[in-house]
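Student: pasting a predicted model and its sequence here:
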Amino acid sequence: MSSDLEKLARKFLGSGHSEIADGASALAELARKVHAPETFLQPFDIPAVSDKIYLRTREILARKGLRFVVAINPVSINRLVTDEGVESSLGYMIDSEEMRSSVPPQIEVAINPGRFRIEGSNGLSTEDQFKKIKDQEAILRSKLPKDIRAGISILRPRHASILVQFGQRVSKERERGAFY
């Protein structure tokens, strides 16, 4: 297991995900200490997208009005609150170490700045809102070329770090007068 974790760490480091690479390296060290088996039962794959498909996806989404793009980094809330100016914008922070230490995946969030709410969803139950999101996702995917559909989903922001990072970017754009 430790050798697989070391390979995984190298893959993440090579793709610019140093925080995840550090975590995998630490797990490899721990696996050696507890004498875990040397390999995973199944191969571990990190999905990758070519630059060509990535640029094509961004171009097509921009044509659909999804022009405002925010890079979400794999950063924990604990790390975000140490950044200057972030803690004061968060207000009360729960002391849950699990919540503070969880790390979201590195993704990009693209929205249409003129229409980023799903109309008619405000008064719905959470279950109905998720259904409406799924319906909107199906509509968006049906309008996209088949080769990029699988890489697109409508975000259900269940991670506090994603919301904070997105909120910071929107606030900066509002201050500049470039948003809303």
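Tutor: Looks like it arrived, so ask away.
Student: SS state for the residue of the chain most remote from its centre?
Tutor: For the chain, the largest distance from the centre (CA atoms, centre = their mean) belongs to His35, which lies 33.2 Å off. Put simply, His35 is coil when judged by DSSP: H, G, I helix; E, B strand; the rest coil.
Student: Thr82 now?
Tutor: Thr82 ends up coil, using three-state DSSP.
Student: how near is it to Ser76?
Tutor: Using CB to CB, to the nearest Å, Thr82 is found at 10 Å from Ser76. Placement of C-beta: from N, CA and C, glycine included.
Student: what's the neighbour count on Ala110?
Tutor: Counted with other CB atoms under 10 Å, residues neighbouring Ala110 total 18.
Student: quick one: residues contacting it.
Tutor: 58, 61, 66-70 (CB atoms under 8 Å, 6 or more residues apart in numbering).
Student: repeat that for 7 Å
Tutor: Contact analysis of Ala110 by CB atoms under 7 Å, 6 or more residues apart in numbering lists 61, 66, 68-69.
Student: mind telling me which residue is nearest the centre of this protein?
Tutor: Nearest to the geometric centre of the chain sits Ile107, at 3.7 Å (CA atoms, centre = their mean).
Student: for that one, which non-adjacent residue is spatially closest?
Tutor: Distance criterion CB to CB, 6 or more residues apart in numbering; nearest residue to Ile107, sequence neighbours excluded, is Ile72 at 4.9 Å.
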